[in-house]
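J.: task: produce atomic coordinates for the following.
(2 chains)
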Amino acid sequence: DQQVKQNSPSLSVQEGRISILNCDYTNSMFDYFLWYKKYPAEGPTFLISISSIKDKNEDGRFTVFLNKSAKHLSLHIVPSQPGDSAVYFCAASLQAGTALIFGKGTTLSVSS
Amino acid sequence: KAGVTQTPRYLIKTRGQQVTLSCSPISGHRSVSWYQQTPGQGLQFLFEYFSETQRNKGNFPGRFSGRQFSNSRSEMNVSTLELGDSALYLCASSLVGTGGFRNTQYFGPGTRLTVL
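T.: You can find the predicted model right below:
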């Protein structure tokens, strides 16, 4: 069964607006969460991460929110740009773990 | 600082053959992980190496193996290839591979393996 779920396979947003990508997890022992962006035929690129002891982390246009009680995290991109169009993966790891557990990804399309 | 490099980028093999993929991590990174990406299963963890030792293994058959050298470079081997092994194989490196930000993994471009 999937421990990390991205329930929206795709999202379309207009340039300049906010993009919100969502991720749910089932394992309460996950303590580190990451977002990656991936273009076709390339490896995932690390975007931003958050530790379970925090509920928010910002880096430029990207903000990740973590709601531990709901086992939910989200990535906000403001403002969205056409170059943000890609597949976004949510991933999680255990404190002593080395494996990243990935969601299936959400394809973001930003139109100008 | 150079990123993670993987060779070759593309590979075509036939069923029953074996294949070896190579990965050079970011300088200073001691943990190397391997992942398989397929359209149906997404990104799945294969195994992780640290200090030349396999520290963690995913749920893959024994045909999938790897090793790490003293300079942290890693190789992955798949023996007796099956059609279902066609995938993008990704290598990722991190500082030490455990404990929060230390497990931030940086990925290479991948090796696209096609099994005919």
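
J.: quick one: buried residues of stretch A:37-48?
T.: For stretch A:37-48, the neighbour count (16 or more other Cβ atoms under 10 Å in any protein chain shown) marks A:37-38, A:43-44, A:46-48 as buried. C-beta here means a position set from N, CA and C on the backbone, and glycine is covered the same way.

J.: any chance of the residues you listed in JSON lines, plus distance to B:Q36 and secondary structure?
T.: Converted to JSON lines, the buried residues of stretch A:37-48 look like this (distance: Cβ to Cβ, whole Å; DSSP: H, G, I helix; E, B strand; the rest coil):
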{"residue": "A:K37", "distance to B:Q36": "19", "secondary structure": "strand"}
{"residue": "A:K38", "distance to B:Q36": "14", "secondary structure": "strand"}
{"residue": "A:G43", "distance to B:Q36": "13", "secondary structure": "coil"}
{"residue": "A:P44", "distance to B:Q36": "13", "secondary structure": "coil"}
{"residue": "A:F46", "distance to B:Q36": "19", "secondary structure": "strand"}
{"residue": "A:L47", "distance to B:Q36": "22", "secondary structure": "strand"}
{"residue": "A:I48", "distance to B:Q36": "24", "secondary structure": "strand"}
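
J.: identify the farthest-apart pair in those residues.
T.: Across these, the longest distance by Cβ to Cβ is 16.8 Å; it joins A:G43 and A:I48.

J.: tell me which parts of chain A are close to chain B?
T.: Neighbours of chain B within chain A, by Cβ under 8 Å from any Cβ of the partner chain: A:31-32, A:34, A:36, A:41-46, A:49, A:51, A:89, A:91, A:93, A:95-105.
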